[in-house]
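Undergrad: Based on what follows, work out the 3D shape:
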Amino acid sequence: MGEKTEKLRQIRDEVLNLTTSPLYAFRKQHGYFPVIGQGNHDAHIVFIGEAPGENEAKQGRPFCGASGRVLDELLQSIGLAREQVYITNIVKDRPPDNRDPSKEEIDIYAPFMQRQLDIIQPRVIATLGRFSMEWVLTLFNAPERTKKISALHGKVIRTQSSWGEVAVVPLFHPATSLYNPAQRQILFDDFLVLKQFTTP
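TA: From the prediction side, this is the model:
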């Protein structure tokens, strides 16, 4: 087992036993799993969503429901497979009723997300939805961090990390296309920006 895999498993074990999380009891009550992340531990591109939904919590896998099917289509549209990228969420446990994660929940899980990035060291972070966009841009202290996703989606924002330059690409959450067909085309158009990063 590689060093990265070992470190990511350590994170998984810590989240499994995260009794201080307000979502821990909800997870146990419903027999859910935390969703740590899935994909290539040496990925150039990491996708970060907000929090897992019910399908994800039942399977312990990110983006495996309807939103996941959209994400798979988006990846295929630029010639990528799930196995080539890493997919995760900031919040690792499902909030009740698929509500937005609270600031407290984001604050509890964010250190794990930060450690995942430090381990994988991606060149590109594609954020899925406004919560992950705001968190990532704040993490890297980007000047754009106060702007709205409506102004930043599909743009490449160059930031600096401890392992070098990272391009942050804010995207709308795939779920938006399930309720709004016009958003679907925007997502596919925005996704094309990532094509320039698909070769090592």
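Undergrad: now for the least confident helix or strand in the chain by mean pLDDT, which elements pack on it?
TA: None of the helices or strands of the chain scores lower by mean pLDDT, DSSP states H and E than helix 176-179, at a mean of 91. Counting by 3 or more C-beta pairs under 8 Å, 6 or more residues apart in numbering; DSSP states H and E, the packing neighbours recorded for helix 176-179 are helix 66-77, helix 181-191. No exception for glycine: its C-beta is placed from N, CA and C like everyone else's.
Undergrad: out of the ones you listed, deepest packed?
TA: Among the helices and strands packed on helix 176-179, helix 66-77 has the highest mean neighbour count (mean count of other C-beta atoms under 10 Å), at a mean of 18.
Undergrad: Who does Glu165 form a beta bridge with?
TA: Gln160 (DSSP bridges).
Undergrad: what's the distance between it and Arg158?
TA: Distance of Glu165 to Arg158, computed by C-beta to C-beta, to the nearest Å: 6 Å.
Undergrad: Which residues does the least confident helix or strand of the chain contact?
TA: Ala66, Ser67, Val70, Gln183, Arg184, Leu187 (C-beta atoms under 8 Å, 6 or more residues apart in numbering).
Undergrad: Quick one: those residues as TSV, columns for distance to Leu80 and pLDDT too.
TA: Shown next, in TSV, are the contacts of helix 176-179 (distance: C-beta to C-beta, whole Å; pLDDT from 0 to 100):
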residue	distance to Leu80	pLDDT
Ala66	20	92
Ser67	17	93
Val70	14	96
Gln183	21	93
Arg184	18	93
Leu187	15	97
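Undergrad: Off-centre distance for the least confident helix or strand of the chain?
TA: How far helix 176-179 lies from its chain's middle: 18 Å, per C-alpha atoms, centre = their mean, to the nearest Å.
Undergrad: Kindly export that helix (C-alpha atoms) in CSV.
TA: Output in CSV follows, covering the C-alpha atoms of helix 176-179 (Å, rounded to 0.1, in the frame of the first residue of the first chain):
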residue,chain,number,x,y,z
THR,A,176,-28.7,22.1,-10.7
SER,A,177,-28.9,20.5,-14.2
LEU,A,178,-31.5,18.0,-12.9
TYR,A,179,-34.0,20.7,-12.2
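Undergrad: which residue sits farthest out from the middle of the protein?
TA: Within the chain, the residue lying farthest from the chain centre (C-alpha atoms, centre = their mean) is Gln29, at 25.0 Å.
Undergrad: so that residue is in which element?
TA: helix 24-30 (DSSP states H and E).
Undergrad: Using the three-state scheme, assign the most centrally placed residue in the chain.
TA: Centroid-nearest residue in the chain: Ile48, 1.3 Å away (criterion: C-alpha atoms, centre = their mean). Put simply, Ile48 is strand when judged by DSSP: H, G, I helix; E, B strand; the rest coil.
Undergrad: Excluding sequence neighbours, find me the nearest residue to it.
TA: Once flanking residues are discounted, Ile48 sits nearest to Ser132: 4.4 Å by C-beta to C-beta, 6 or more residues apart in numbering.
Undergrad: Check which helix or strand the one you found maps to.
TA: helix 130-139.
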